[in-house]
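Chemist: Here is a sequence together with a model predicted from it:
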Amino acid sequence: MTSSAGEDLGWAVPPYAVSLRHVVPTALASLGLAPGSCGGPEQIPAPLPPARRAVVVLADGLGELQLRRRAGHAPVLRAMEPVVAEARCGFPSTTAVSLASLGTGLLAGEHGLVGWHALVPSADRLVNHLSWEDGPDPQTWQPHPTLFERASAAGVRVTMVGPAKFAGSGLTRAVLRGARAVPALDPEEAVRATAAALQGPGPALVYLYWGDIDRTGHVHGPDGWQWTEQLELLDDTLADLLDAVPTDTLVTVTADHGMVHAPHELRLDLAVQAELARGIRHLGGEPRGPQPHCRPGAVDDVHATWTEVLDGRALVLTRAQAVDAGWFGPVEPQALPRIGDLVVAMRGRHTVLDSRALRPQVLTLVGQHGSLTDEETLVPWRWALT
């Protein structure tokens, strides 16, 4: 695969050998819990040193290739050891799917969060997995016990540090339940809260969410000085974190996805492209990974049209083809109808959306993710022991 900015960047081949589903089980193994004992994969890709405490930092939007290009601005991250040579998020490469894999140790077809927007079959409407507005009951929608629930039951004190608004959100209750939530308004407060949560007897695990890189990348793209400035802030905060946590603490850093700069002139909009809108009931997924749900009897025609119109700009599969190819991992029965009748992986910097169904603020964004390119799926996974 090739990996140069601005070109068609190569494709991951699902199922991924090492992905976000391995991150928490590997941290728990360093605390002495046998792999698989708290759910997730029964084997970890590489053991990390034994520790009394562990911190998993999730830097939203920090793609591995973007980090490599800015490595000179991140001396702390650069000095940390890679867990493996290559780690990836799952498909679609988007926050809700990735956090679900991190929190459950499962791939999308198992935990059932199959995109940013996914069909609620019983209601014939889409759910936004980030906002969860009018969404289904989170624990029914994602019924598998989380890794945090299992770790807590095994005697690990589990804490989640991040914005207060996430503490009781539908997404948190679906895929990250089982952790005690501690709000943090800024980096300094996040460091203090993490260090405090690690105090006390027995093993402890802290999940620390960092969202500023993703927000900046969406607004300005992942190649500008604004993105680099946020990387520097993260790196400075990691330095403070490593100084603040007790000795014998394992700190790992990963991300939920990377990002590409997707200019508006390379966007196709169903509100304008009548041929793409024809036969579509709902457009699930995300702009870099659209999942059209078709009207009855229209799947073959929509597949042919999208394949022709998006020739060279995307790979267009039917649901059955995407499932057979392993894009979603093993797919459980309740998750299957949530996936689009078609599953699309955009190439280069192209996107497809329906402006009639998205908030105006979303339409201004130029940083996008969701597809299978290296830019979007390669994520860092690095560690240090204090």
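Modeler: Happy to help now that I have it.
Chemist: Can you tell me what sits against stretch 221-230?
Modeler: Outside stretch 221-230, the residues that touch it by Cβ atoms under 8 Å, 6 or more residues apart in numbering are 5, 61, 63, 66, 70, 73, 212-213, 216-217, 219-220, 258-261, 366-367. Heads up, the C-betas are built off the backbone N, CA and C, glycines and all.
Chemist: Among those residues, which lie within helices?
Modeler: Secondary structure assignment by DSSP state H places 66, 212-213, 216-217, 219-220 of these in helices.
Chemist: so which of those comes closest to residue 271?
Modeler: The nearest member of these to residue 271, counting by Cβ to Cβ, is residue 219 at 22.3 Å.
Chemist: tally of neighbours for the closest one?
Modeler: Neighbourhood size, residue 219 [other Cβ atoms under 10 Å]: 15.
Chemist: can you pull the pLDDT of it?
Modeler: Residue 219 carries a pLDDT value of 98.
Chemist: Spit out the contact partners of it.
Modeler: Counting by Cβ under 8 Å, 6+ apart, residue 219 touches 226, 364-367.
Chemist: my guess is residue 232 meets residue 74, correct?
Modeler: Yes: counting by Cβ atoms under 8 Å, residue 232 touches residue 74, with 7.1 Å between them.
Chemist: Below-threshold pLDDT in the stretch 101-250 of the chain: ranges please.
Modeler: Counting by pLDDT under 70, the stretch 101-250 of the chain contains no low-confidence segment.
Chemist: for residue 281, what are its contacts?
Modeler: Counted by Cβ under 8 Å, 6+ apart, residue 281 has contacts 124, 293-295.
Chemist: Strands - which of the residues you listed land there?
Modeler: 293-294 (DSSP state E).
Chemist: Check the contacts of residue 281 and tell me the two furthest apart.
Modeler: Using Cβ to Cβ, the contacts of residue 281 span at most 12.5 Å, a distance reached by 124 and 294.
Chemist: picking that back up, turn the contacts of residue 281 into a markdown table, columns for distance to residue 208.
Modeler: Putting the contacts of residue 281 into a markdown table (distance: Cβ to Cβ, whole Å) gives the following:
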| residue | distance to residue 208 |
| --- | --- |
| 124 | 38 |
| 293 | 36 |
| 294 | 41 |
| 295 | 44 |
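Chemist: Filter the contacts of residue 281 down to the buried ones.
Modeler: Buried members of the contacts of residue 281, scored by 16 or more other Cβ atoms under 10 Å, are 293-294.
Chemist: Which secondary structure state does residue 115 sit in?
Modeler: coil (DSSP: H, G, I helix; E, B strand; the rest coil).
Chemist: Wait, a strand at residue 98?
Modeler: No: applying three-state DSSP, one finds residue 98 to be helix, outside a strand.
Chemist: Residue 328: neighbouring residues, count only.
Modeler: Residue 328: 29 neighbours (other Cβ under 10 Å).
Chemist: got the contact list for it?
Modeler: 14, 90-91, 107-109, 114, 322, 335, 339.
Chemist: again, only this time at 6 Å
Modeler: 108-109 (Cβ atoms under 6 Å, 6 or more residues apart in numbering).
Chemist: How about the one 4 residues further on?
Modeler: Taking Cβ under 6 Å, 6+ apart, we find residue 332 in contact with residue 110.
Chemist: Can you tell me the element it falls in?
Modeler: Using DSSP states H and E, residue 332 falls within no helix or strand.
Chemist: For it, give its distance to residue 114.
Modeler: 11 Å (Cβ to Cβ, to the nearest Å).
Chemist: picking up where we left off before, ok, residue 232 and residue 74, which is more surrounded?
Modeler: It is residue 74, of residue 232 and residue 74, that has more neighbours when counted by other Cβ under 10 Å, with 21 against 14.
Chemist: excluding its backbone neighbours, what's nearest the more buried one?
Modeler: residue 235 (4.2 Å; Cβ to Cβ, 6 or more residues apart in numbering).
Chemist: mind checking the SS state of residue 93?
Modeler: Classification of residue 93 using three-state DSSP returns coil.
Chemist: whoops, I mixed them up, residue 316
Modeler: Per three-state DSSP, residue 316 ends up strand.
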